[in-house]
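S.K.: Need a 3D model of the following:
(2 chains)
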Amino acid sequence: MYNLSSMYSMGLLEKGILSIIPEIVIVIFAFIVLFLTFFEKLSKSKNPYYLSIIGIGFSIVYVLMLSGRTISGFYGEIGFNRFDVFFFIVILLSGLFTVLMSKDVMENFEMPLPEYYSLILFGILAMMILIASNSLIMVFLSIEFLSITAYILTGYLKGNRRSTEAALKYFVLGSFASAFLVFGAVFIYAATGHLNLYNIHHFLSLISHGDMIRYGGIKTYLAIGLILFLVGLAFKMSLFPFHAWTPDAYEGASTPITSFMATGVKVAAFAIFLRVYFLIYSSNIMNFNDILWIIAILSMTFGNIAALLSPNIKRLMAYSSIAQAGYILIGIIGGGYYGYSGTLFYLLAYIFMTAGAFAIVIIFENLDLISLDIKRYSGIGYKYPFVAASMSIFLLSLAGIPMTSGFMGKFYVLSSAVKSGYNFLVVIALLNSAFAAFYYIRIISNMYMPSKKSADIELSNKNGSFGIIGGKVSGELMFTVIVCLIFTILMGVYPQVFINFANNSVNSLWRI
Amino acid sequence: MDYKVLITWLIPLLPLSGWLLWGLFGKYFKGYSGYFASLFVAASFILSVILFIIVSYSHGFTSTLYPWIHAANFKVGISAVIDRLSVVMLVMVTGVSTIVHVYSIGYMKGDKGFSRYFSFLNLFVFSMIMLVISNNLLLLYVFWEAVGFCSYILIGFWYEKKSASDAGKKAFIVNRVGDVGFAIGIFLLFATTGTLNYEAVFKMIPMIPVFTTTVIALLLFVGAIGKSAQLPLHIWLPDAMEGPTPVSALIHAATMVTAGIYMIARFHIIFSYSPVASEVVLTIGTLSAFFAAFIALTQFDIKRIIAYSTISQLGYMFMAVGIGSYTAGIFHLISHAIFKGLLFLTAGSVMHALAGELDLRKMGGLYSKMKVTAITFIVGALALSGIPPFSGFFSKDAILADTYNKGFYFAWVIGELAAFMTAFYIFRLIFLAFFGKSNLDSKVHAHESSKMMTIPLIIMASLAVIVGFLGVPPFNTSIFYNFLHVDFKNAYNFSPFVENAPWYLLSLVSVLAGLSGIFAAYLLYIRKVVMPEWLKSAFKPIYALSYNKLYVDEIYDFLIIKPLFVLFNFLWKIVDVSVIDGAVNGVASSFAFFSVKVKKIQNGMLMSYILTLSIGVAALLFYYFIR
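M.R.: Next comes the predicted model:
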């Protein structure tokens, strides 16, 4: 279609570069951090950590600078519009929180730091490309890229049996899912003859406007392709029954990485699924909502039932994240302008409450006495008042108690489903969120209402900055907690700013 | 800014700032946080009175603090509806709160959670004010949950006591059941009307089919049953007495539990367009009024007697709103808030004097030792029994007269019977506790409480005398009716008056019912004409039914908790003990059964993971092609 000379004359290369500037910044910093390995002095200090933060910061700045534009680069393989801006910011924030959380944790383990931080940056990069990708090939490539960084990060605690085992499981299952993804992409290509998502979209709308006789045979191929493609993405979104890796990987990985997977990877997967769903799945000839509807119900129900009895906080959060994915999916099923913006809002709310909760899990891990066992949390509400109060708010938000972002998000997606007439789904979701409250509240009542046996934890020592004894908690963790707390409450009390942000981003989906 | 708007928003914001202040900086205020908290709430009360005067001389208005959610064509604001109904409620809520706050300073003196207590109390007042003034269903739901949450915290305030934290959990779980119904109702309303704003919703109600309206109304009523502790979800309220007594007076007598009645009065259009739903409200209300009074006859714990009495009186209010007499229901709500708050506070004073003793059998002869408490308690009891000129007489009579005149004779008979029992059980309490021979523990030194506690009692007692005169019969021409009825004029008149019995005849019957109840208690417990023990053995089955609270807890235990527990135990022995070791109580164990199976899938075997994944793929393909 294009030859080299016309490419230059049309400024295609410049456009291409422009569309990926935020990614380029991340790449540059990732390599700088990686090269620090060669200099022993530099790599031992906190340089990798600070460089990663600076890199993420620059990338955010570039995203904001470009935020008004709509750019299509590399023959339409990569796009940049408001929709991407929204998710870039979400991903970069999630990456920032991960880096901030990592400092304390990584100092406890004797692990090479530059590789670790550069892997996080590469992970962010992969997610950003995934979000921006407009063709099946790019989706597959970036998902593979993302998966490989995620596998390594999961197994990064060398010598830790759980970590290694989790990485292995994640890897094997992930390869399986990738195979399905690429297989699905092949079928879709076979059926439509296009790789670009927008071209497929046009092709499908053409068919649905008549011409069915000519293309009647492709329907089966397309259906198989779309189902397999869905499987590949559902794996990353950890939806039932493709969730199996989630609890093990979340438990085995070090907590910052767990947070990274729960916030970053999941959000990126949802972002690309939203785009693909909008362009392909929701087209008139294929009604996929029946399948998604069942998956959403199963994910919510399974996640909540399994979380109810998990004694380990990270495992509990893993199951809860499966349930949360179910709720988020409801927004996509609800569909339309309202449903999509609800999904975006929920995802934004989700990263703040989840990252905040994980930051507090790290704080409790670092403090002596306390492990990942929920029973050991008993009575700490009086020992660490601020941290425990923040944890309560994050958990209440996850449970969807009013005046928090979680409630707002849930209300938003559920009301969109009501508008589209999925009343039964909404009833199931409401019942689910009512039961889900039990395991969240159980943690809170464990913290504040200790049972007699464990009440012997002394309730004196309430002093110290931020209610932490001995100052063992770093400022970075506290900063993460406070930022997440502010946004969790703000999005519940004054959500309009964020709703507008989500609305504007969704608008650009329609401007093809 | 308009001064009306300023006043409107200062009313909730004062307690909110109080919550933040004592919650965050409680330790700097030391013992003074109680005084400041009372001052904040008192300021709210004064502003409410000003707002009341403004509204009664002009007309109601709505005011938006800021637009809360505005997405596509869906708009919801943080906005208030200030009309006659909400100002009446506002004055009552802030007034009772002020008195309870002042009382609490004396009651909670020296407690290690003093500041924490006042911060939660302020948070509750804020939530309750917002619940009353919110002008859309979403905001209402938010604060509907918030008051429940505050109640949960405050019931479990003395968490060291196992019974207290258990009672908190029970209240939370039972309320959760009601709230699910409420939430589904709201979503259904949203699905039908496409909006959540009161005015817009009410305008559309006459247009939608009666069946839908009925379903919505019933779902909303499920929420009210949970929050207002009506049969069969009443079980949490008696247990909630484990919390500090002022909390019981404020939350479990005057404010939160009346939210259900307020909600129905606020949504009178929805309920009045569905006669079936109103019939259900009437039935549940009547049954609760009767059976709660029946249970209260034989209890020995003074706070629990008053708690059952609350359930019974709330039943009367539901009767009123169920027959479309919304004004009468709200009138009883107000007068009940005062006299029942008074009864709880005096019970607290008794507890305080007896070092926490609640058992009637260990009291007696307290009248000579604590005169103020005893006299104020008797005033409250007379109001509760419906003896003129105390407020309960006017308000209860307004309901019963309307029930009769609208042709619900059966409900009227039950109501009069319950009134008889009410007088009996409350005077049984008085005769056993304040008169007769002293059964006190010799170590306990009974004494009158401090001024900080008795002055609120005297204020409440005088209010219990005065307030009734706002509704001098015949109720339909009284001051209160003329003031408030304006708000209910749009209701569909589904139950017109069919009789016109003269009010004095109906009142006579009620007063006689009350007096004979008191007289019966007098004969039994003072003159001892018949020994209560003899009665007990003569009517053994009935006595057992009442004493064991109709076996409701046991029935729930047998039908829901036991079977799940047995299953759970069975599986617990088979499967790895450590896995399930987290599950313990009630509803939580209902999931245990499933959880075990889930754990089996999640057993860490890679092969089975892959199998799950592949089965999932196969199922999806199969599903897609089979349908």
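S.K.: pretty sure residue B:98 is touching residue B:42, no?
M.R.: Yes: taking contacts as C-beta atoms under 8 Å, residue B:98 lies within contact range of residue B:42: 4.7 Å. (Glycine included, C-beta is placed from N, CA and C.)
S.K.: Neighbour count: these two, which is higher?
M.R.: Neighbours per residue (other C-beta atoms under 10 Å in any protein chain shown) separate residue B:98 from residue B:42, with residue B:98 holding more: 23 against 18.
S.K.: contacting residues around that one?
M.R.: Residue B:98 makes contact with B:38, B:41-42, B:44-45 under the criterion C-beta atoms under 8 Å, 6 or more residues apart in numbering or on different chains.
S.K.: so what's the backbone phi/psi at it?
M.R.: Reported as degrees, to the nearest 10, the phi and psi values for residue B:98 are phi -60, psi -50.
S.K.: Tell me how far it lies from chain A.
M.R.: Going from residue B:98 to chain A by C-beta to the nearest C-beta, to the nearest Å gives 25 Å.
S.K.: where's residue 392, which helix or strand?
M.R.: The chain I'm using is chain A. Assigned by DSSP states H and E, residue A:392 belongs to helix A:385-399.
S.K.: sorry, should have said chain B
M.R.: Counting by DSSP H and E, residue B:392 is found in helix B:391-405.
S.K.: tell me the average confidence for that helix?
M.R.: For helix B:391-405, the mean per-residue pLDDT is 86.
S.K.: which other helices and strands contact that helix?
M.R.: Counting contacts by 3 or more C-beta pairs under 8 Å, 6 or more residues apart in numbering or on different chains; DSSP states H and E, helix B:391-405 is packed against helix B:302-322, helix B:326-353, helix B:371-385, helix B:409-434, helix B:451-466, helix B:503-522.
S.K.: how about a cut-off of 7 Å?
M.R.: Here helix B:391-405 touches helix B:302-322, helix B:326-353, helix B:371-385, helix B:409-434, helix B:503-522, going by 3 or more C-beta pairs under 7 Å, 6 or more residues apart in numbering or on different chains; DSSP states H and E.
S.K.: tell me the angle the second one makes with helix B:371-385.
M.R.: What separates the directions of helix B:326-353 and helix B:371-385 is an angle of 150 degrees, with axes from the mean of the first three to the mean of the last three C-alpha atoms, to 10 degrees.
S.K.: okay, now residue B:175: neighbour count?
M.R.: Residues lying near residue B:175 (other C-beta under 10 Å) number 25.
S.K.: Show the model's pLDDT score for residue A:329.
M.R.: Note for residue A:329: predicted pLDDT of 92.
S.K.: what does the one 4 residues further on give?
M.R.: Each residue has a pLDDT score; the one for residue A:333 is 90.
S.K.: Any part of the helix or strand where it lies near chain B?
M.R.: Per DSSP H and E, residue A:333 falls inside helix A:313-334. No: Helix A:313-334 is not in contact with chain B by C-beta under 7 Å from any C-beta of the partner chain; minimum separation 8.9 Å.
S.K.: name the helices or strands packed onto that helix?
M.R.: Packing partners of helix A:313-334 (3+ C-beta pairs under 7 Å, 6+ apart): helix A:245-252, helix A:266-276, helix A:289-308, helix A:336-366, helix A:405-419, helix A:423-448.
S.K.: quick one, which of those is nearest to residue A:83?
M.R.: Among the helices and strands packed on helix A:313-334, the nearest to residue A:83 by C-beta to C-beta is helix A:266-276 (7.3 Å).
S.K.: Mind listing residues that contact the closest one?
M.R.: Contact with helix A:266-276 is made by A:87, A:90-91, A:94, A:127, A:130-131, A:139, A:146, A:197, A:233, A:236-238, A:321, A:325, A:328, A:332, A:340, A:343, A:347, A:351, as judged by C-beta atoms under 7 Å, 6 or more residues apart in numbering or on different chains.
S.K.: That helix to helix A:289-308, inter-axis angle?
M.R.: 170 degrees.
S.K.: from the chain's centre, how far out does helix A:266-276 sit?
M.R.: Offset of helix A:266-276 from its chain centre (C-alpha atoms, centre = their mean, to the nearest Å): 9 Å.
S.K.: same deal with stretch A:61-78?
M.R.: For stretch A:61-78, the distance to the chain centre is 21 Å (C-alpha atoms, centre = their mean).
S.K.: Can you point out the buried residues in it?
M.R.: Neighbour-count burial for stretch A:61-78, with 16 or more other C-beta atoms under 10 Å in any protein chain shown as criterion, is recorded at A:62-63, A:66-67, A:71-74, A:77-78.
S.K.: Can you tell me the closest non-neighbouring residue to residue B:474?
M.R.: Once flanking residues are discounted, residue B:474 sits nearest to residue B:503: 4.4 Å by C-beta to C-beta, 6 or more residues apart in numbering or on different chains.
S.K.: what does the domain assignment say about chain B?
M.R.: Structural domains assigned to chain B are B:1-135, B:136-547, B:561-626, following automatic domain parsing.
S.K.: Tell me the one among the contacts of residue B:98 nearest to chain A.
M.R.: Chain A has its nearest neighbour among the contacts of residue B:98 in residue B:44, at 19.6 Å by C-beta to the nearest C-beta.
S.K.: Looks like residue B:223 contacts residue B:182 (just checking).
M.R.: Yes: look at residue B:223 against residue B:182 with C-beta atoms under 7 Å: they come within range, at 2.7 Å.
S.K.: hmm, back to that, is it possible to get the buried residues of stretch A:61-78 out as TSV so that each row also shows secondary structure, pLDDT and distance to chain B?
M.R.: Formatted as TSV, the buried residues of stretch A:61-78 follow (DSSP: H, G, I helix; E, B strand; the rest coil; pLDDT from 0 to 100; distance: C-beta to the nearest C-beta, whole Å):
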residue	secondary structure	pLDDT	distance to chain B
A:62	helix	90	29
A:63	helix	90	24
A:66	helix	85	26
A:67	coil	83	20
A:71	strand	81	27
A:72	strand	80	27
A:73	strand	77	31
A:74	coil	78	32
A:77	coil	83	28
A:78	strand	86	29
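S.K.: can you name the two of those that are farthest apart?
M.R.: Most distant of the buried residues of stretch A:61-78, by C-beta to C-beta, are A:67 and A:77, 21.0 Å apart.
S.K.: Which of the domains of chain B sits closest to residue A:310?
M.R.: Closest to residue A:310 of those is domain B:561-626 (C-beta to C-beta; 7.1 Å).
S.K.: Just give the number of residues close to the closest residue to residue A:349 other than its chain neighbours.
M.R.: What sits nearest to residue A:349 in space, not counting adjacent residues and going by C-beta to C-beta, 6+ apart, is residue A:405, at 3.6 Å. Applying other C-beta under 10 Å, we find 29 residues neighbouring residue A:405.
S.K.: What residues does residue A:405 make contact with?
M.R.: By C-beta under 7 Å, 6+ apart, residue A:405 lies in contact with A:349, A:352-353, A:397, A:487-488, A:491-492.
S.K.: Quick one: end-to-end length of stretch B:75-90, please.
M.R.: Terminal residues of stretch B:75-90 are spaced 26 Å apart (C-alpha to C-alpha, to the nearest Å).
S.K.: Nearest residue to whichever residue of the stretch 201-350 of chain B sits closest to chain A in space, ignoring adjacent ones along the chain?
M.R.: For the stretch 201-350 of chain B, the residue closest to chain A is residue B:219, as judged by C-beta to the nearest C-beta, at 10.3 Å. Among residues not flanking residue B:219 along the chain, residue B:185 sits closest, at 3.0 Å (C-beta to C-beta, 6+ apart).
S.K.: Right, I'll leave it there.
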